[in-house]
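Q: Here is my input, please return the structure:
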Amino acid sequence: MLFSEALPAPTPLRAALRAAIRADETELVRRLAEEARFAPAALDRIAERARELVVEVREKRRAQGGIDAFMNEFELSSREGVVLMCLAEALLRVPDAETVDKLIKDKIAEADWQGHLGHSDSLFVNASTWALMLTGRVVQLDEADTRDLAGVLRRMVHKSGEPLIRGAVTQAMRILGRQFVMGRTIEAALERARPAEKAGYRHSYDMLGEAARTMADADRYFAAYREAIAAIGKAAGERSVIEAPGISIKLSALHPRYEYAQRTRIMSEVVPRLKTLAGAAKQMNIGFAIDAEESDRLDLSLDVIEAVSGDPALAGWNGFGLAVQAYLKRGPATLDWLADMARRHERRLMVRLVKGAYWDAEVKLSQERGLDGYPVFTRKVSTDVCYLACVKRLFADAQAFYPQFATHNAHSVAAVLEAAGGSTDFEFQRLHGMGEAIYDRGRRRQARPAQGHSLPGLRAGRHPRGPAGLSGAPLAGERRELLLRQSHPRREPADRRDRRRPGRQAGPG
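A: Predicted coordinates for the structure are as follows:
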């Protein structure tokens, strides 16, 4: 790239971060595995905690209604589960009714919905199965024998019923989407969050949408973020910054050219906007997290974060934070750089540790470019090891970090609790609509601290503000890693899962 002005010379920590972008995976994982290792006695405790979570979740999940029972019946390793996720995601992007009809016909007609009827005790699941089975039958009826009177009747239903079918399936997807989306407006989301807050949850709100494509888009997002911060701050009242709800900001939503080639523009146009939003969050004393972007944007994001974090107007406020992705080979080096920045700016950063949301795209992009490696780990086991290494780094520097562990997996929860060593100065996070069973169980165990299962702060995150629909994060996570299914698959014995001890083999997923 050519720049009109010289770029600042990288510090040793930033140089090390850049050098790790496509590091040799085998060598890097070997080093991280040593860092992530637990003692044998600790591994046994992790296995036991995970086993208890898995067993209880299995027992209770099938009796639950809503999305837990739905996902339990239509698991993503089945044809029907894949159809549902593809349909749910695709319907959000289909602009016209004719294409919707074709999509429904293509995706639903061949799946075996009847085989799922009656398997669950949940009315939600059985009602959904009846509808999908009926839809599948009606949509494929045009193949009936033209000489069959019943076939003629069915074809008439086919011709007259597709708009009705389209409406029914779209409405079903909206119902499913409500499991992942908190509300159409921030006010509706805050109102809906109140019962969960009484039960012990905190919330981090997020926009539903993609990066800005035009400056008008960026202006709308900026205005919406300001309104959301004001509303969240009002709802937070006098709570501390940790106890209060927070907001997540997508930097690519604040500028249509959020890319390193436009670094000069980004630093002069995005940084002032982000400082304004962060200042508003500080005034309201709520959490303010910078969401993760694609790997190509990490270096640019760190420049922006450093510029905002060092603003004297934000001094003395520990609500500023960001998400760090453990599937990036640069994840541990990013934490090293952030710890140094936190000390220089005399602040404690809120760090949301996640696995990552763009794996498919990162791999594909590297292949298209003919690069000699990938910025992400190519095996999930490698990401698991890196996640555990990052967990330990976060706990090792309590002065620089307030850790926030985003996971829906029983093994990950157990490993974090073990690494915490009794500390409660951290929190778990989950996506709204996912992982309730594990964390609800954990909250019930808080009254029995001697068991070592009490969970600290719980935060249900990424409650979008914007149009109703399905959040891309849950869909991407379900499609790529089958998060819930890996956490407690109904067909695999709990003991078999528990033998995959973190720090030695697969670890928590």
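Q: hey, let's count contacts and neighbours off CA atoms from now on
A: Fine.
Q: So for stretch 96-115, mean pLDDT?
A: Taken as a whole, stretch 96-115 has a mean pLDDT of 62.
Q: Between the two ends of stretch 283-293, how far is it?
A: Stretch 283-293 has an end-to-end distance of 26 Å (CA to CA, to the nearest Å).
Q: what comes into contact with that stretch?
A: 204, 229-230, 232-234, 236, 240-242, 244-252, 278, 281, 317, 319-325, 350 (CA atoms under 8 Å, 6 or more residues apart in numbering).
Q: Mind checking which of the residues you listed are in strands?
A: Taking DSSP state E, the ones among the contacts of stretch 283-293 that sit in strands are Ser204, Gly246, Ile247, Ser248, Ile249, Phe320, Gly321, Leu322, Ala323, Val324, Gln325, Met350.
Q: would you turn those residues into CSV with pLDDT, distance to Glu191 and neighbour count?
A: Conversion of the ones in strands among the contacts of stretch 283-293 to CSV gives the following (pLDDT from 0 to 100; distance: CA to CA, whole Å; neighbours: other CA atoms under 10 Å):
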residue, pLDDT, distance to Glu191, neighbour count
Ser204, 90, 14, 24
Gly246, 94, 15, 28
Ile247, 95, 16, 25
Ser248, 94, 18, 24
Ile249, 95, 21, 22
Phe320, 98, 25, 24
Gly321, 97, 25, 23
Leu322, 97, 26, 21
Ala323, 96, 26, 21
Val324, 97, 29, 25
Gln325, 97, 31, 28
Met350, 97, 25, 23
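Q: quick one: which of these is nearest to Ala193?
A: Ranked by distance to Ala193 (CA to CA), the ones in strands among the contacts of stretch 283-293 are led by Ser204 at 10.5 Å.
Q: Report the beta-bridge partners for the closest one.
A: Taking DSSP bridges as the rule, Ser204 bridges to Gly246, Gly461.
Q: so it makes contact with Pro245?
A: Yes: A contact is recorded between Ser204 and Pro245 when judged using CA atoms under 8 Å, the distance being 5.6 Å.
Q: so which two of the ones in strands among the contacts of stretch 283-293 are the farthest from each other?
A: When these are compared pair by pair using CA to CA, the farthest-apart members prove to be Gly246 and Gln325, with a separation of 19.4 Å.
Q: Which strand or helix spans Leu32?
A: With elements taken from DSSP states H and E, the one containing Leu32 is helix 25-36.
Q: Quick one: list the elements packing against that helix.
A: helix 380-396 (3 or more CA pairs under 8 Å, 6 or more residues apart in numbering; DSSP states H and E).
Q: As PDB, could you dump the C-alpha coordinates of the helix it packs on?
A: The C-alpha atoms that make up helix 380-396 are tabulated as PDB, following Å, rounded to 0.1, in the frame of the first residue of the first chain:
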ATOM      1  CA  LYS A 380     -11.200 -26.100  16.500                       C
ATOM      2  CA  VAL A 381      -9.000 -27.900  18.900                       C
ATOM      3  CA  SER A 382      -6.300 -25.200  18.300                       C
ATOM      4  CA  THR A 383      -8.800 -22.400  19.000                       C
ATOM      5  CA  ASP A 384      -9.800 -24.200  22.200                       C
ATOM      6  CA  VAL A 385      -6.200 -24.300  23.400                       C
ATOM      7  CA  CYS A 386      -5.700 -20.600  22.500                       C
ATOM      8  CA  TYR A 387      -8.900 -19.700  24.400                       C
ATOM      9  CA  LEU A 388      -7.600 -21.400  27.500                       C
ATOM     10  CA  ALA A 389      -4.200 -19.700  27.200                       C
ATOM     11  CA  CYS A 390      -6.000 -16.300  26.900                       C
ATOM     12  CA  VAL A 391      -8.200 -17.200  29.900                       C
ATOM     13  CA  LYS A 392      -5.100 -17.600  32.000                       C
ATOM     14  CA  ARG A 393      -3.500 -14.400  30.700                       C
ATOM     15  CA  LEU A 394      -6.600 -12.400  31.500                       C
ATOM     16  CA  PHE A 395      -6.700 -13.800  35.100                       C
ATOM     17  CA  ALA A 396      -2.900 -13.200  35.500                       C
END
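Q: how about low-confidence regions in this structure?
A: Counting by pLDDT under 70, the low-confidence segments of the chain come to 1-4, 60-93, 103-179, 209-210, 441-509.
Q: Could you measure from the residue nearest to Phe222 when sequence neighbours are not counted over to Ala292?
A: The shortest distance from Phe222 to any residue other than its chain neighbours is 6.3 Å, reached at Leu254 (CA to CA, 6 or more residues apart in numbering). The spacing between Leu254 and Ala292, counted by CA to CA, is 14 Å.
Q: The two: which has the busier surroundings?
A: When Leu254 is set against Ala292 and neighbours are counted by other CA atoms under 10 Å, the residue ahead is Leu254, at 29 against 23.
Q: In contact with Ile266, which residues?
A: Ile266 is in contact with His255, Arg257, Tyr258, counting by CA under 8 Å, 6+ apart.
Q: Return the subset of those lying in strands.
A: Secondary-structure check on those using DSSP E: no residue lies within strands.
Q: list the residues that contact both of Leu254 and Ala292?
A: Shared contacts of Leu254 and Ala292, defined by CA under 8 Å, 6+ apart, are absent.
Q: Show me the strands in this protein, by range?
A: Under DSSP E, the chain gives strands at 201-207, 246-249, 287-290, 320-325, 349-354, 401-406, 427-431, 457-465.
Q: Kindly reformat those strands as TSV and extend each row with distance to Ala218.
A: Converted to TSV, the strands of the chain look like this (distance: least, CA to CA, whole Å):
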stretch	distance to Ala218
strand 201-207	12
strand 246-249	12
strand 287-290	16
strand 320-325	20
strand 349-354	24
strand 401-406	28
strand 427-431	25
strand 457-465	15
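Q: which one of the ones in strands among the contacts of stretch 283-293 sits closest to Ile438?
A: After measuring the ones in strands among the contacts of stretch 283-293 against Ile438 - CA to CA - the closest member comes out as Ser204, at 18.9 Å.
Q: With just CA atoms, put stretch 42-52 into PDB.
A: As requested, the backbone C-alpha atoms of stretch 42-52 are provided in PDB (Å, rounded to 0.1, in the frame of the first residue of the first chain):
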ATOM      1  CA  ALA A  42      -7.500 -29.500  38.300                       C
ATOM      2  CA  LEU A  43      -8.400 -31.500  35.200                       C
ATOM      3  CA  ASP A  44     -10.500 -33.900  37.300                       C
ATOM      4  CA  ARG A  45     -12.400 -31.000  38.900                       C
ATOM      5  CA  ILE A  46     -13.000 -29.500  35.500                       C
ATOM      6  CA  ALA A  47     -14.300 -32.800  34.200                       C
ATOM      7  CA  GLU A  48     -16.600 -33.200  37.200                       C
ATOM      8  CA  ARG A  49     -18.000 -29.700  36.900                       C
ATOM      9  CA  ALA A  50     -18.600 -30.100  33.200                       C
ATOM     10  CA  ARG A  51     -20.200 -33.500  33.700                       C
ATOM     11  CA  GLU A  52     -22.700 -32.200  36.300                       C
END
